[in-house]
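A.B. asks: after the sequence you'll find the predicted model.
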Amino acid sequence: MWALYCRVSKRDMHPENQRAALEAWAKAKGYQYTLFEEKESTRGGRPVKQTVLAALRARTYEGVAIYKLDRWARSLQELLLELDELSTKAIEFVVVTQPIDTTSASGRLFVQILGAFAEFERELIRERTIAGLERARASGRVGGRPRKPLPMKRGEVLPSGAP
C-alpha cells in the first residue's frame, strides 16, 4: 500500500494535475494506494503531510509518492531530515515527474541537488516579490483591494435639487 501526497499552496488552486499523475503512476505499477491532498499550506504547518508522516512512521504504507520535490519540503534541511528518517525505516520515496530513487547513493545525491535548486528558486521568487512590492509602494501604489468608500450624506453625492 502506498501513500500518494499532493499539495497546493492556496485554497483556490487545484491539484488535478498532481492527482492524475500520481494515480496513473500507482495504477501503472499495480500499487494499491491512499491519496492525500493538502489544499492550503501555511507557515503553521501542513496537517495532512503530518498525517502521512505519522502513517509512514507506523509502517502503514511501504512508500510515499509525490508529484514534484518542492511539493514535499520547503527547505533542503527539512527534505534531507525526512528522507533520512524514511530510509532508516526502509520506506520508499518516489517523485513521479523526476527519476528519483532514494535507495542508491546517486539517487540520494540527485535528491540533494534538486532540493538545493528548489530552495534556491523559492528564495529568488520571495526576493523578487518583496522587491516588487517595495517598488510599488515607493511609486505610491498600495496592494490589495481598493477600500470601500465611506458612506456619504445624500447631499454630498447628488447635486442639490436632484430627486
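C.D. replies: Received the coordinates, thanks.
A.B. asks: quick check: bridge partners of residue 3?
C.D. replies: residue 34, residue 64 (DSSP bridges).
A.B. asks: check which residues of the top helix by length along the chain are buried.
C.D. replies: If you go by DSSP state H, the chain has its longest helix at helix 105-138. Buried residues in helix 105-138, counted by 16 or more other C-beta atoms under 10 Å: 108, 110-111, 114-115, 118-119. Just so you know, the C-beta spots here come from the backbone N, C-alpha and C atoms, and that holds for glycine as well.
A.B. asks: please apply the same query to stretch 28-43.
C.D. replies: For stretch 28-43, burial by neighbour count (16+ other C-beta under 10 Å) applies to 31, 33, 35-36, 38, 41.
A.B. asks: show me where the chain dips below the pLDDT cut-off.
C.D. replies: 11-12, 41-44, 101, 103-104, 148-163 (pLDDT under 70).
A.B. asks: quick one, helices of this structure?
C.D. replies: 16-29, 47-57, 76-88, 105-138, 154-157.
A.B. asks: now render those helices as CSV, adding distance to residue 2.
C.D. replies: Below are the helices of the chain laid out as CSV (distance: least, C-beta to C-beta, whole Å):
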stretch, distance to residue 2
helix 16-29, 6
helix 47-57, 10
helix 76-88, 13
helix 105-138, 18
helix 154-157, 63
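A.B. asks: so which of those helices gets nearest residue 96?
C.D. replies: Nearest of the helices of the chain to residue 96, taken as C-beta to C-beta: helix 16-29 at 4.3 Å.
A.B. asks: show me the contact partners of the closest one.
C.D. replies: 2, 4-8, 32-33, 35, 37, 65-67, 71, 94, 96-97 (C-beta atoms under 8 Å, 6 or more residues apart in numbering).
A.B. asks: of the residues you listed, buried ones?
C.D. replies: Buried by 16+ other C-beta under 10 Å: 2, 4-8, 33, 35, 65-67, 71, 94, 96, out of the contacts of helix 16-29.
A.B. asks: one step back: the buried residues of stretch 28-43: which two are farthest apart?
C.D. replies: Within the buried residues of stretch 28-43, 31 and 41 form the most distant pair, 25.3 Å apart (C-beta to C-beta).
A.B. asks: from residue 57, how far out is residue 92?
C.D. replies: Distance, residue 92 to residue 57, by C-beta to C-beta, to the nearest Å: 14 Å.
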